[in-house]
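> coordinates for the following, if possible.
(one chain, ligands or ions: 1)
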Amino acid sequence: MQTLTFAVLPGDGIGPEVMAVALRVLEQAGQRFDFALDATHADIGGIAIDNHGVAFPDSTHKVCEDADAILFGSVGGPKWESLPPKEQPERASLLAIRKAFSLYANIRPGLLYEEIADASPLKRERIPEGIDIVCIRELTGGIYFGDKSTTRLDNGEEQAIDTMVYKTSEIERIAQVAIDTALARGKRVTSVDKANVLECSVLWRKVVTAYFAKHAPEIELDHMYVDNAAMQLARDPDQFDVLFTENMFGDILSDEMGIICGSLGMLASASLGARKNRLDRPFGLYEPSGGTAPDIAGQGIANPSAQILSAALMLRHSFGLHEAADAIETAVRSTVKAGIRTADIAFGLASVGSEAMGEAILKHLD
Ligand code: NAD
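From the prediction side, this is the model:
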């Protein structure tokens, strides 16, 4: 029997609530698909500040180092918002952990089941079959990681500079992730840039075009400027299959994709890097797309689906357990289809709490 060694970092707010449900689903999947869990819990984010004085303690780093994957909840909340920005949970733990493990590829499925199309702010006639897009975002380059400075000019005013930097090798390695994703889906990729204005985008488009032509000529590759992509995503999301872009554009577009897919409670994500785990598979961090939801934390009503679907992504990418991942994804969909829903996706139906939603998903997994 295979044993899965992974770090469990529930974090703050609804993190621990939905994580508990996701672990139960993983345990049951293990019974059905013959794997055991070796999960080590550690503090991250606000709870780590409270218990250890820093958001990403060395002890947590060590737990992650020793693991083959990280299952992450979410971090932050009002309690820590008055800390200096550099010490706040999101920057000091989430960005830090991405950097520590060079997690350069963010894979975010934008999935809206037809059955809950009402959750989308888009009119139903624009998304008759729901939404099914995957956004591939470069996560450790570009303007967020380039040199930055703020200086005072001779005339007394302040000037701030952020630098956008990309190298061929950084573009090629994320292009490969887009190719792998597209080959497992519809074989269509839309690469998004701003090549009419930015040098980085000119290089991005050149490298992506050459890399796809050499390594995956069978994939249909289009290019789109980011302003148009933002508009097209709201106008006709069905035209996209794999949406592929650099760090800042991906940050913005993946959030737009998230909102047109309805509740954050349904959206999972995977962040992968060059590092391989002991199974020679990608070491990755898997987390819901949403945050700690302070408005509902502690009430037991958060939707656990995003955390459960993140766990399914972990099984798929870091452990190669595709059948188990498929089964979990199907169980979530069947549960929603059966009308068992948490409040964020209930739309007039009676809603259930996180635990009951988890129980229903477990039944469908059986
Ligand atoms: P949020 O994603 O926490 O909440 C936005 C809205 O979505 C809220 O109404 C919330 O109730 C709802 N929501 C989110 N997840 C849900 C779920 N599973 N089930 C049902 N409803 C859900 O965003 P926010 O309010 O802007 O941020 C709250 C805190 O989370 C902040 O401290 C922020 O910094 C942090 N945050 C962390 C991450 C992360 O850890 N990756 C991401 C985003 C925000």
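
> name the helix or strand for the residue in the stretch 1-150 of the chain that the ligand sits nearest to, please.
Here the stretch 1-150 of the chain gets closest to the ligand at one residue, Gly76, 2.8 Å apart by C-beta to the nearest ligand atom. The way it works is simple: take the backbone N, C-alpha and C, and place the C-beta from them, glycine included. Gly76 is part of no helix or strand, with elements assigned from DSSP states H and E.

> for Ile171, same thing?
Taking DSSP H and E as the definition, Ile171 sits inside helix 168-183.

> ok, the closest residue to the residue of the stretch 1-150 of the chain closest to the ligand other than its chain neighbours - contacts?
In this structure, Gly76 finds its nearest non-sequential neighbour in Pro89, 4.3 Å apart by C-beta to C-beta, 6 or more residues apart in numbering. Shown in contact with Pro89 (C-beta atoms under 8 Å, 6 or more residues apart in numbering): 11-12, 44-46, 48-49, 55, 75-77, 80.

> with Gly146 instead?
Counted by C-beta under 8 Å, 6+ apart, Gly146 has contacts 162-165.

> give me the nearest residue to it, chain neighbours excluded.
According to C-beta to C-beta, 6+ apart, the nearest residue to Gly146 is Thr163 (3.4 Å).

> so how far is Glu199 from the one you found?
11 Å (C-beta to C-beta, to the nearest Å).

> measure how buried Ser169 is and give me the count.
9 (other C-beta atoms under 10 Å).

> measure it to Met357 for me?
43 Å.

> one more: Ser289?
For Ser289, the distance to Met357 - C-beta to C-beta - is 17 Å.

> interface residues of the protein facing the ligand?
14, 18, 74-77, 90, 94, 263-265, 287, 290-296, 302-303, 306, 344 (C-beta under 6 Å from any ligand atom).

> and the spatially most central residue of the chain, which of the three is it?
Residue closest to the average C-alpha location in the chain (C-alpha atoms, centre = their mean): Ser269, at 2.3 Å. Using DSSP: H, G, I helix; E, B strand; the rest coil, the structure places Ser269 in strand.

> that's a helix at Asp43, yeah?
No - assessed with three-state DSSP, Asp43 is coil; it does not lie in a helix.

> so who does it touch?
9, 51-52, 57, 60 are the contacts of Asp43 under C-beta under 8 Å, 6+ apart.

> buried ones only from these, please, as a ChimeraX command.
The following ChimeraX line selects those of these that are buried, judged by 16 or more other C-beta atoms under 10 Å:
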select :9,52,57,60
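
> including pLDDT, could the contacts of Asp43 go into TSV?
Output for the contacts of Asp43, formatted as TSV (pLDDT from 0 to 100):
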residue	pLDDT
Leu9	98
Asn51	98
His52	97
Pro57	98
Thr60	98
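
> can you tell me which of the contacts of Asp43 are in helices?
Counting by DSSP state H, the contacts of Asp43 place 51-52, 60 in helices.

> so Glu172 sits against Tyr211, correct?
Yes - using C-beta atoms under 8 Å, Glu172 makes contact with Tyr211 at a distance of 5.3 Å.

> out of those two, which sits in the busier spot?
Set Glu172 next to Tyr211 and count neighbours by other C-beta under 10 Å: Tyr211 wins out with 20 against 15.

> just the pLDDT for that one.
Looking at Tyr211, its pLDDT reads 98.

> that one: which element?
Secondary structure from DSSP H and E places Tyr211 in helix 199-215.

> in the stretch 201-350 of the chain, which residue sits closest to the ligand?
Gly291 (2.4 Å).

> follow-up on the earlier one: most neighbours of all the contacts of Pro89, which one?
Ile44 (33 neighbours).

> need the contact list for it.
Contacts of Ile44 (C-beta under 8 Å, 6+ apart): 9-11, 55-56, 60, 72, 75, 89, 93, 97.

> then Ile174?
Neighbouring residues of Ile174 by C-beta under 8 Å, 6+ apart: 104-105, 136, 138, 244.

> most neighbours, which of those?
Within those, most neighbours by other C-beta under 10 Å means Phe244, with 30 neighbours.

> mind checking pLDDT for the residue lying closest to that one once chain neighbours are set aside?
With sequence-adjacent residues excluded and distances taken as C-beta to C-beta, 6+ apart, Phe244 is closest to Ala178, at 4.1 Å. What the model reports as pLDDT for Ala178 is 97.

> where along the stretch 51-200 of the chain do the strands fall?
Secondary structure of the stretch 51-200 of the chain (DSSP state E, counting those that start in this stretch): strands at 70-74, 105-112, 131-138, 148-152, 158-162, 188-193.

> ok, Arg137 touching Asn106?
Yes - Arg137 lies in contact with Asn106 (C-beta under 8 Å); the separation is 4.2 Å.

> more neighbours: which of those two?
Taking other C-beta under 10 Å, Arg137 and Asn106 do not tie; Arg137 has more neighbours (27 against 24).

> what's the burial count for the residue nearest to the more buried one when sequence neighbours are not counted?
Closest residue to Arg137 apart from its sequence neighbours, by C-beta to C-beta, 6+ apart: Gly250 at 2.7 Å. For Gly250, the tally of surrounding residues (other C-beta under 10 Å) stands at 24.
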